[in-house]
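Enquirer: sequence first, then the predicted structure, then my questions.
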Amino acid sequence: MKTVGFIGVGNMGGPMARNLLKAGIKLKAFDPAESALAAVVKAGAERVGAPADAAKGVDAVVTMLPAGPHVSDVYGGKGGVLAAVSPGTLLIDSSTIDVETARATTAKARERGLEMLDAPVSGGVGGAEAGTLTFMVGGSAEAFRRGEPLLQKMGKTIIHAGGPGNGQAAKICNNMILGISMVAVSEGFALAERLGLDAQTLFNISSKSSGQCWSMTTYCPVPGPVPTSPANRGYQPGFTAAMMAKDMKLALQASQANGATAPLCGVAASLYDLLCKSGQSGLDFSSIVLMLTGKSFPKQ
């Protein structure tokens, strides 16, 4: 693929777009936020004035948007992508949205003879910048075959999760586990503090025993044990509390809609919602430990 339309070049989409530029892909970029758009234009992208313009004369369209309604509008709305693209254009949505919207949008694309992938990511802003994202991809085998080389220019691990919507299903389940585990790790450190157990000592023990998990060893929510974790930079986000609250709500909604039992998801979703309502939505989601321990939040 030589030319790609990229819609949504903010915190995640911007680094992804720049990695495509570094790989020699020509980009037509759109974002309603001027600062985000200006950054990728400075890196070499062509500025366009509307989503439809980004979809014209390209081999593929990649979108990274905030939520399901935005995806529905950008693709199927008046002057949207589906009305503008040429036959044969591959559509890739890397937003994190509900499964139903992903499948409905893919169905609309297929009605126009277009292949579409839902390809949400894991890895945060750091992974987007480094080109090490994990893509969880839903769609037909043929669409995946066509899209994989492009995704490899933005990520390290590209996994075909099955048919349309399965990429979103994988992302929702993964982030449900992540959100719950971060609460559990934070509660463990909160209890250790009350019991007079040093945080580093707990980390040294738990990271090598049955409490070990990614939230402990890579993203430890307390300062000290993992120098690269957000806890050591004032909880500046790799993945904001607002984003985790959104993903936990998606997981809870999916659980309820499909009759899955998910009591811990419900509790964790409530805690992240409370964290955001307390004014901390822009901090990293690991700052949940500050709420659980009653500590002061850093200024944003």
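Expert: Perfect, thanks for sending it. Numbers count the residues shown, from 1 in each chain.

Enquirer: point to the residue nearest the middle of the chain.
Expert: residue 121 (5.0 Å; Cα atoms, centre = their mean).

Enquirer: what's near enough to touch that one?
Expert: 12, 16, 94, 96, 127-128, 133-136, 155, 171 (Cβ atoms under 8 Å, 6 or more residues apart in numbering). No exception for glycine: its C-beta is placed from N, CA and C like everyone else's.

Enquirer: try 6 Å
Expert: 94, 133, 135 (Cβ atoms under 6 Å, 6 or more residues apart in numbering).

Enquirer: ok, longest strand in the protein?
Expert: In the chain, taking DSSP state E as the definition, the longest strand is strand 155-162.

Enquirer: pLDDT on that one, on average?
Expert: Here strand 155-162 scores 98 as its mean pLDDT.

Enquirer: ok, now stretch 256-269?
Expert: The average pLDDT within stretch 256-269 is 97.

Enquirer: quick check: beta-bridge partners of the residue nearest to the centre of the chain?
Expert: Taking DSSP bridges as the rule, residue 121 bridges to residue 135.

Enquirer: so how far is residue 167 from it?
Expert: According to Cβ to Cβ, to the nearest Å, residue 121 and residue 167 sit 9 Å apart.

Enquirer: same question for residue 212.
Expert: On the measure of Cβ to Cβ, residue 212 and residue 167 end up 28 Å apart.

Enquirer: and those two? which has more neighbours close in?
Expert: For residue 212 versus residue 167, neighbours defined as other Cβ atoms under 10 Å are more numerous around residue 167 (30 against 12).

Enquirer: remind me which helix or strand that one belongs to.
Expert: For residue 167, the host element (DSSP states H and E) is helix 166-194.

Enquirer: check which helices and strands that helix is in contact with.
Expert: helix 99-111, strand 133-138, helix 214-217, helix 241-257, helix 263-275, helix 288-293 (3 or more Cβ pairs under 6 Å, 6 or more residues apart in numbering; DSSP states H and E).

Enquirer: dump the longest one to CSV, keeping only the CA atoms.
Expert: Taking only C-alpha atoms (Å, rounded to 0.1, in the frame of the first residue of the first chain), the coordinates of helix 241-257 have been written out as CSV:
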residue,chain,number,x,y,z
ALA,A,241,-8.3,6.9,33.9
ALA,A,242,-11.0,8.2,31.4
MET,A,243,-10.0,5.6,28.8
MET,A,244,-10.0,2.8,31.4
ALA,A,245,-13.4,3.9,32.7
LYS,A,246,-14.7,3.8,29.1
ASP,A,247,-13.3,0.3,28.5
MET,A,248,-14.6,-1.1,31.7
LYS,A,249,-18.1,0.3,30.9
LEU,A,250,-17.9,-1.4,27.5
ALA,A,251,-16.9,-4.7,29.2
LEU,A,252,-19.8,-4.4,31.7
GLN,A,253,-22.3,-3.6,29.0
ALA,A,254,-21.1,-6.5,26.9
SER,A,255,-21.3,-8.8,30.0
GLN,A,256,-24.9,-7.7,30.8
ALA,A,257,-26.0,-7.9,27.1
